[in-house]
Structure formats: C-alpha cells, structure tokens
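Novice: Quick one: sequence plus predicted model below, questions after.
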Amino acid sequence: MIFRKSSDQTLQQSINETLQKFMNETLKNSIESSIIETLNNYIHTSIELDDPKQIIRAYYKNTSAIQENSATVQQLYDKFEQNLEKILIEQRQKNGELQRKVQHWQQAAVDFFSLLERAIDCETDENQQLIEKILSEFERTVINLGLERIIPHNDESLNEKFHEAVDEEESKLAPGHILKCVSWGYRIGDNVIQKASVVVAKAAGQV
C-alpha cells in the first residue's frame with residue numbers, strides 16, 4: 001500500500017509539473033503574440049495616440065485576446081485534470097496486477113523449495129544427490145531475481161527478524177542459541193517472506 005501511494009503521488013506530481021509548464025509556456029506565447037499583434041495594428045492602422053478612444057479600443061481588444069487565450073489554456077488544463085484520475089486508476093490496476101503476479105511467483109518458489117527440503121530429509125543418498133543438484137540449479141535461478149533462503153546455522157544466535165523459535169531443548173549452549181533448523185525461511189533483500197523455524201537452547205531445568 002505504501003509503495004502504491006508513493007507511486008501515485010510521484011505520477012501525479014510529474015503530470016502536474018508538466019501541465020503547469022505547458023500552461024506557462026502557452027500563456028506566455030499567447031500574451032506575446034497578442035502584444036505583437038496589437039503593436040502591428042498601431043503601426044499599420046496609424047492609430048492616433050492622442051485619440052483616447054482609439055487607445056481604449058486597442059487596449060480592450062488586446063485584453064480580450066489575452067483572456068481568450070487564457071481561457072483556452074485553462075480548458076486544456078481542465079481536460080488533462082479530468083483525465084488524471086483515470087490515468088492514476090489505470091496505473092493502480094497495473095501495479096496491483098504486477099504485485100499479484102510477484103506474490104504468486106514468490107509463493108510458488110517457496111512451495112517448491114519446501115518440497116525439495118522435505119525430499120532431502122526423506123530420500124536415499126542416491127536420490128538426495130539428484131535433489132540437491134535440482135535445488136542448486138533452482139536457487140541459482142531465483143537468487144538472480146532477489147529471492148534467498150534463510151538457513152540458520154547451529155550455535156547461531158536467534159534473530160527474531162529472520163528466525164522463529166518453535167521449540168526449546170536443554171543444551172550446554174547459551175540459552176537462545178539455535179540448536180537446529182526445522183524449516184528454511186525466505187527473503188527478498190530485507191523483506192522477509194517467511195521466517196526460518198528453529199529449535200533454540202534453554203538452560204537445564206528451565207521450564
């Protein structure tokens with residue numbers, strides 16, 4: 001949700017800046033054209049500058065042209081503004097579809113890893129070699145897409161960000177240290193998809 005909101009805000013800001021630049025340039029050009037046209041009229045129609053009525057008529061003609069051009073630019077801006085929400089809705093839909101595809105891919109990869117993990121524990125040595133080869137090839141593929149396994153080592157300190165303690169056993173190791181990994185975890189960068197399940201040590205006699 002945060003990503004989608006940030007994406008919408010960035011897109012809207014970019015569109016608004018483009019529209020504002022367009023309005024400024026168009027309005028500037030329109031005003032310049034109107035001024036030039038008025039000056040040309042002064043030259044070609046030989047306006048008597050001492051005649052107040054001619055000066056007033058020329059002023060109102062110039063003002064009317066500027067207002068007309070300003071209204072045209074505003075209409076264009078309003079039209080873009082109306083389409084902005086439509087653009088944002090379409091972008092949100094695309095982002096949502098992409099997010100669903102990514103989540104589906106992540107879950108499929110995790111499920112396949114879990115299947116291989118169970119197979120390694122159950123199969124014979126000969127089959128384990130084949131499974132480990134498949135596992136290695138699959139991991140090489142997904143790691144290029146950012147997905148990594150979380151495999152805690154024995155005697156490693158429990159890290160609640162990456163590990164979930166599902167059981168405790170008495171041990172000579174310091175309490176809280178990992179005795180064994182029950183199932184792998186998975187992450188993409190710092191985003192943890194699934195924590196690794198582990199058994200941790202506890203002091204003798206500790207309830």
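Specialist: Arrived safely, thanks for sending.
Novice: quick one: low-confidence ranges for this structure?
Specialist: Counting by pLDDT under 70, the chain has low-confidence residues at 1-74, 76-77, 80, 123, 205-207.
Novice: Could you chop it up by domain?
Specialist: Domain assignment for the chain by automatic domain parsing gives 2-111, 147-207.
Novice: My reading is that residue 106 lies in a helix. Confirm?
Specialist: Yes - read with DSSP: H, G, I helix; E, B strand; the rest coil, residue 106 is one of the residues of a helix.
Novice: How much space separates it from residue 194?
Specialist: Shown here: residue 106 relative to residue 194, a distance of 9 Å by CB to CB, to the nearest Å. Just so you know, the C-beta spots here come from the backbone N, C-alpha and C atoms, and that holds for glycine as well.
Novice: Quick check: neighbours shared by those two?
Specialist: Residues touching both residue 106 and residue 194 by CB atoms under 8 Å, 6 or more residues apart in numbering: residue 186.
Novice: any chance you could map the strands in the chain?
Specialist: 147-150, 163-170, 178-183, 185-188, 191-194, 196-202 (DSSP state E).
Novice: residues contacting residue 198?
Specialist: If you count contacts by CB under 8 Å, 6+ apart, residue 198 has them with 152, 158, 163, 164, 165, 166, 178, 179, 180, 181, 182.
Novice: Let me know the closest of the residues you listed to residue 136.
Specialist: Distance to residue 136, by CB to CB, is smallest for residue 181 among the contacts of residue 198, at 18.1 Å.
Novice: list the contacts for that closest one?
Specialist: Neighbouring residues of residue 181 by CB under 8 Å, 6+ apart: 151, 152, 153, 196, 197, 198.
Novice: Roughly how far does it sit from residue 108?
Specialist: Separation of residue 181 from residue 108 (CB to CB) stands at 22 Å.
Novice: now residue 88
Specialist: In this view, residue 88 and residue 108 are 30 Å apart by CB to CB.
Novice: Check residue 170 too.
Specialist: 39 Å.
Novice: picking up where we left off before, which one among the contacts of residue 198 gets closest to residue 204?
Specialist: residue 179 (13.7 Å).
Novice: I'd assumed residue 152 was in contact with the closest one.
Specialist: No - Residue 179 is not in contact with residue 152 according to CB atoms under 8 Å; the separation is 9.9 Å.
Novice: tally of neighbours for residue 162?
Specialist: Residue 162 sits with 19 neighbouring residues when counted by other CB atoms under 10 Å.
Novice: which residue packs closest to it, ignoring adjacent ones?
Specialist: residue 150 (5.0 Å; CB to CB, 6 or more residues apart in numbering).
Novice: number of nearby residues for the one you found?
Specialist: 20.
Novice: ok now do it, which residues does it touch?
Specialist: If you count contacts by CB under 8 Å, 6+ apart, residue 150 has them with 162, 163, 184, 185, 186, 187, 192, 195, 196.
Novice: Give me the buried entries from those.
Specialist: The neighbour-count test (16 or more other CB atoms under 10 Å) marks 162, 163, 184, 185, 186, 187, 195, 196 as buried among the contacts of residue 150.
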